[in-house]
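[1] I would like the atomic coordinates for the input below:
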Amino acid sequence: MSYINRAITPILKKRVKTSKVTLIVGARQVGKSTLIKHEFSDFNRANFDDRLTRLQAKEEPKLFFLNNPCPLFIDEVQKENSVLEDIKQKVDDSDEKGLFILSGSQKLELMKGISESLAGRVSIHELTGLSLREIFDVDFNQHFIPTDAYLKEREKKLTSYDNIWEIIHKGSYPELYDSDRDWQEYYSSYVTTYIERDINELVSADGITFTKFLVSVAARTGEMLNYSNIASEVGVSEPTIKNWISILERTGILYILQPYSASALKRATKTPKIYFRDTGLACYLTRWLTADALKCSAVAGNMFETFVVSEILKSYSNEGKDYKFSIFYYRGKDKNTSKENEIDLVIEEDGILYPVEIKMSGNPKANMGAANIVLDKIEGKKRGMGVILCLIDKKTYLRENLLALPIEYI
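    Numbering: from 1, shown residues only. All right, here's what the predicted structure looks like:
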């Protein structure tokens, strides 16, 4: 399989040069090891998926580091967190930069070990599945924000995405872009490997029940998170579902989008929404076996929204930016009406709130942005340009402060 250049590479190389330890987190098979192999070939390599390697690192750390000298890349480092104390000792005893690159697919467990052992010594980055920019080799790496400056720069690098539903259905795992790999076989193996290698270490559940849970959550991508409904469908307790949802999030399978909250929005919901990180995996779990069937299905709108949200998150990650405190959604009732208003995304930057609607439409209307005015109530913030990301073929102003954009602008 030919290597696909990853957008995060320039920022990652810069951070490795200026940090003693660099940590890359992301779901299994998003390409962490392949990226390091191609871009940091001078690093020695150790993989903690191998039990003997883990055992030596745990019981004989001095011997482990003699056999694996710096600069060293340790893959799946969360499987033996005790090594972080030894890494801390090494970086504290050295003035050199670029000593270690660590990677792992269990984000919060890693963060716990990092916060306890390597606080202030590590540069942390998220690697996601392939973005549209990477798939189509678009040389543009700014996070999506609908400002005049962004749109002007983005227009210099626009590429037409003619087969968008094929990509939504295929998903974003790099290995799928090898033409010889069968889609169903790949995802079947992925689910089996994910459950056997990651889930068995984190929960005491049989594979059938946990797979049923995965299917139930995949069917709800793009919806508000209701633990009770999922628990009833799967046949386990609500606390169990909460724990399992947390596991999906920290192993990079799921993203939980928080609602925007401000004192002026007293009637806003406090319930988050859930999105699968990879639409291909969601399609496999919910048995949408072809792109054409998906495109014409009742879930097409939710899957399209899931895909667009994921692309926006990737634009932040690939630029080395944190999106946790920048991207939200809004849903609430105006006190003068019983109707609920919703804004699919609210992107906050420099005190400005940018409302974003995501519509699977080629004919967007101005009333799709009707809820945007609710953001005017928030003291100390300004409302920026509203956008409707959709299947329109060119940038179109629907109002002076509302713009319909093709998804090529992400």
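
[2] Around the closest residue to residue 284 other than its chain neighbours, how many other residues sit close by?
    Nearest non-adjacent residue to residue 284, counting by CB to CB, 6 or more residues apart in numbering: residue 187, 3.8 Å away. For the C-beta atoms, the positions are set from N, CA and C on the backbone; glycine is no exception. Residues lying near residue 187 (other CB atoms under 10 Å) number 20.

[3] Just confirm residue 187 contacts residue 282, I think it does.
    No. Using CB atoms under 8 Å, residue 187 makes no contact with residue 282, being 10.0 Å away.

[4] how about the nearest residue to residue 79 once chain neighbours are set aside, what does it touch?
    Spatial nearest neighbour of residue 79, chain neighbours left out: residue 48 (4.2 Å); criterion: CB to CB, 6+ apart. Going by CB atoms under 8 Å, 6 or more residues apart in numbering, residue 48 touches 54, 57, 74, 75, 76, 77, 78, 79, 80.

[5] for residue 48, phi and psi?
    phi -80, psi 0 (degrees, to the nearest 10).

[6] Any figure for the gap between it and residue 69?
    17 Å (CB to CB, to the nearest Å).

[7] Have a look at this protein and report its longest strand.
    Using DSSP state E, we find that the single longest strand of the chain is strand 340-349.

[8] I'd like the average pLDDT over it.
    Averaging pLDDT along strand 340-349 yields 93.

[9] Name the next helix or strand downstream of it, please.
    strand 352-358 (DSSP states H and E).

[10] That next one: partners in the sheet, and parallel or antiparallel?
    strand 340-349 (antiparallel), strand 382-383 (parallel), strand 386-390 (parallel) (DSSP bridges).

[11] quick one: which of those is nearest residue 125?
    strand 340-349 (20.1 Å; CB to CB).

[12] And stretch 364-373, how far out from the chain middle?
    Centroid displacement of stretch 364-373 relative to its chain, using CA atoms, centre = their mean, to the nearest Å, is 27 Å.

[13] Over to stretch 167-183?
    For stretch 167-183, the distance to the chain centre is 17 Å (CA atoms, centre = their mean).

[14] Please work out the average pLDDT along the longest helix along the chain.
    In the chain, with assignment by DSSP state H, the single longest helix is helix 300-317. For helix 300-317, mean pLDDT rounds to 98.

[15] So which bits of that helix are buried?
    300, 302-317 (16 or more other CB atoms under 10 Å).

[16] cool, and stretch 168-180?
    168, 169, 170, 171, 172, 173, 174, 176, 177.

[17] Would you agree the fifth one is in contact with residue 131?
    Yes. Look at residue 172 against residue 131 with CB under 8 Å: they come within range, at 7.3 Å.

[18] Tell me which helix or strand in this structure has the weakest average pLDDT.
    helix 107-117 (a mean of 68; mean pLDDT, DSSP states H and E).

[19] Who does the next helix or strand after that one pair with, and is each partner parallel or antiparallel?
    Using DSSP H and E, the helix or strand that follows helix 107-117 towards the C-terminus is strand 122-126. According to DSSP bridges, strand 122-126 forms sheet pairs with strand 21-25 (parallel).

[20] wait, residue 297 sits on residue 287?
    No. Look at residue 297 against residue 287 with CB under 8 Å: they stay out of range, at 10.5 Å.

[21] quick one, domains of the protein?
    9-126, 132-409 (automatic domain parsing).

[22] CSV for these, including distance to residue 2?
    Shown next, in CSV, are these (distance: least, CB to CB, whole Å):
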stretch, distance to residue 2
domain 9-126, 11
domain 132-409, 8
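
[23] list the buried ones in stretch 257-277?
    Within stretch 257-277, the residues that count as buried by 16+ other CB under 10 Å are 257, 259-260, 262, 265, 268-269, 272-277.

[24] buried ones in the host helix or strand of residue 245?
    Counting by DSSP H and E, the element that carries residue 245 is helix 238-250. Applying a neighbour-count criterion of 16+ other CB under 10 Å, one finds 240, 241, 244, 245, 247, 248, 249, 250 buried in helix 238-250.

[25] Tell me how far the second one lies from residue 220.
    Looking back up the chat, that one is residue 241. Distance from residue 241 to residue 220, by CB to CB: 12 Å.

[26] between these two, what contacts are shared?
    residue 230.

[27] residues contacting residue 355?
    330, 343, 345, 346, 369, 371, 372, 375, 383, 386, 387.

[28] nearest to residue 65, of these?
    Once CB to CB is applied, the member of the contacts of residue 355 that ends up nearest residue 65 is residue 345, at 45.3 Å.
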